[in-house]
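Engineer: Here is a sequence with its predicted model. Questions after.
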Amino acid sequence: MIEVRDLAFGWNDTTLFRGLSFDVPPGEALALLGPNGAGKSTILRLLAGLLRPRAGEVRLDGRPLGTLAPHERALRVAYVPQGIDPRLPFTVFETVRMGRYAHLRGRWEGDIDRAVVRRALRTMRLEAVAGRPMAEVSGGERQRALIAAALAQEAPILLLDEPTTALDVRARVEALSLLERLRKEEGRTVVMVTHDIDLAARSCDRVVLLGAPAGPVVGSAEDVLRPERLEAAFGIAVRSFDLPEGAGRVFVPSYSEGRERDG
Amino acid sequence: MTDRGRAVLLLAGGFLACIAVAAAAPLVGHRAIDVGRALAEWGNPRSADAFIFFRLRLPRVLCALLVGGGLSLAGLGLQALTRNGLASESTLGVASGGALGAVVALRLGWTAVFLGLPATALGALAGAGLVAVLVLGWAGRGRFDAGSLLLVGVTIGTVASAGILFVQYLADATQSHLMVRWLMGGLDVVGYGGLLGILPLLLAGGLLVGLHAAELNQILQGDELAAARGVAVTRVRGAVLAGAALLTGGAVSVAGPIGFVGLIVPHTVRLVAGLDHRWTVPLVVLWGGVFLAVCDTAARSVWAAEIPVGVLTALIGGPFFLGVLGSRHRRVRVL
């Protein structure tokens, strides 16, 4: 259970957001949506304990995040950044194996750790490239390696920063169904930053929409992802269409409006 | 063969090489000695063979093993911490600070000996310690940034070098010669006093860096990801910086600024055995020691006059390193 209360953050004199409160119950997925620079990744890093809030607090299962030692935090929360420096000469296997740090803290891997790493590699379909340096695999494989490392971390909460941007259609569908499975079968909680409104509507129970002048909007995906709210946040008209046979809903921005603005 | 397989071989080889060097190098030198007699006359102050073996050559070889291992470990730690393959034990400015301390001691003509360490070593320790405190204090405040740390280190190093030139300018010809000779680096220790004097520094520094091997792996991927994985990044960084400063200060105080060891030994080890610091930490300690001991043995025995070991580490190490780099460049293993 993640509880966020009256969270505020800003750099130097600017305030990015304030008074942000929301809960994410176990097994649920929450999307952080909003325009560039609205603070989506910042919220994710606050949830990961990588930044300190200016005000308010984050609690994990009732315990304030700030009171947890780094390794205790990492046993509860796994964070997947948008990418890492691809020049680093670690192999895909080493990258995934290093997800076990919080469990080992310097000790050598045992049978359990090796099994967990193998399973994470298999889940993300990385066995074939496991021995190759991160620099030599594709952007999508790198992204999958980081997700696999987070799986190897075995934390009940997964924080993902734009997890599907570098993935092809198939890998994207697989990644989303994996997240679905992790939530339903293992009760893991997922918080993800995304620019993909369709994805948020399809895969997330709740949405935090940032960027509107009135402040962040928090609620169920159904409630928040409405054209007028999206327009307030992004400053551009967005229409939604229901797909036939209950296949979900797609969101289409008004391209003509964008052209007029650019012109 | 896997990185791990190569690492195991390299580790076993490193232990054997260390023992072989420690046993064989004291036998090499301009003057042939009878080992049997040296061992038999151990402790006899009038035995020339025992004196050369136990008081001159053995401490010198042990000193080279320690200093080489220490400099290599400092280089390895700093390269991981700054994620920069060009970082080395001299990057923090600690070595230059030590050198400035030593030339000041020479200029002032100090002759004090404390804990077996001569005045130049004490001056070097003081200079290295001062710079270490400055750099650590700077790194400990506000947001840490590896690029700025390197710039601060290089700047302090440049200031110290200017200070060295100034002190040299003020010195007379004899002092100036001694300074130049000291700055070339050398391991001409006599007896075990100096060795025992720096041993606590090297041990403490070695533990501070070596016990954080797993954390250095994580930090190499980026501070933020390391923190997300559960590493107490600020604490580890402080420990490794302090450890590197202790190792460098200790090494420089007895041996002068011996360059290049902390750069090429970690790189060569990584090229062969991969990036995992849980392997590379013991490997650089062993092979760094062997490398310096071999260089120093050559420096004192191949030519009639002793060649400064700092000159030889670069002359032997440079081409060797280029060869290693060339043979494995396809593996994208360079940090």
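Structural biologist: Thanks, I have it.
Engineer: Which residue is the nearest non-sequential neighbour of residue 149?
Structural biologist: In the absence of a named chain, chain A is used. In this structure, residue A:149 finds its nearest non-sequential neighbour in residue A:99, 3.5 Å apart by CB to CB, 6 or more residues apart in numbering or on different chains. In short, each C-beta sits where N, CA and C put it, glycine included.
Engineer: Can you look at chain B instead?
Structural biologist: residue B:139 (5.5 Å).
Engineer: now for the strand or helix carrying that neighbour, which elements pack on it?
Structural biologist: Assessed by DSSP states H and E, residue B:139 sits inside helix B:119-140. Under the contact criterion of 3 or more CB pairs under 8 Å, 6 or more residues apart in numbering or on different chains; DSSP states H and E, helix B:119-140 touches helix B:94-107, helix B:146-170, helix B:193-210, helix B:233-255.
Engineer: Could you identify which of the ones you listed is most buried?
Structural biologist: Highest mean neighbour count of the helices and strands packed on helix B:119-140: helix B:94-107, a mean of 28 (counted as mean count of other CB atoms under 10 Å in any protein chain shown).
Engineer: Also compute the angle for that one relative to helix B:119-140, please.
Structural biologist: 150 degrees (axes from the mean of the first three to the mean of the last three CA atoms, to 10 degrees).
Engineer: Who are the packing partners of helix B:94-107?
Structural biologist: helix B:119-140, helix B:146-170, helix B:173-183, helix B:233-255.
Engineer: now the residue in chain A positioned nearest to chain B, nearest residue through space, not along the chain?
Structural biologist: Using CB to the nearest CB, residue A:74 is the residue of chain A that sits closest to chain B, at 3.0 Å. What sits nearest to residue A:74 in space, not counting adjacent residues and going by CB to CB, 6+ apart, is residue B:230, at 3.0 Å.
Engineer: Contacts only, for that neighbour.
Structural biologist: The contact partners of residue B:230, by CB atoms under 8 Å, 6 or more residues apart in numbering or on different chains, come to A:70, A:71, A:72, A:73, A:74, A:75, A:101, A:102, A:105.
Engineer: Please flag which of these sit within helices.
Structural biologist: The members of the contacts of residue B:230 that map onto helices under DSSP state H are A:70, A:71, A:72, A:73, A:74, A:75, A:101, A:102.
Engineer: from memory residue B:92 sits against residue B:78, does it?
Structural biologist: Yes. In this structure, residue B:92 is within contact of residue B:78 by CB atoms under 8 Å, at 6.7 Å.
Engineer: Now do the shared contacts for these two.
Structural biologist: B:241, B:244.
Engineer: so residue A:241 sits in a strand?
Structural biologist: Yes. Counting by DSSP: H, G, I helix; E, B strand; the rest coil, residue A:241 falls inside a strand.
Engineer: does it really touch residue A:250, like I thought?
Structural biologist: Yes. Residue A:241 is within contact range of residue A:250, at 5.4 Å (criterion: CB under 8 Å).
Engineer: Comparing the two, which residue is more hemmed in?
Structural biologist: residue A:250 (14 against 10; other CB atoms under 10 Å in any protein chain shown).
Engineer: residues in contact with the more buried one?
Structural biologist: Per CB under 8 Å, 6+ apart, neighbours of residue A:250: A:198, A:240, A:241, A:243.
Engineer: try it again with 6 Å
Structural biologist: A:198, A:241 (CB atoms under 6 Å, 6 or more residues apart in numbering or on different chains).
Engineer: now it, what's its secondary structure?
Structural biologist: With three-state DSSP as the basis, residue A:250 sits in strand.
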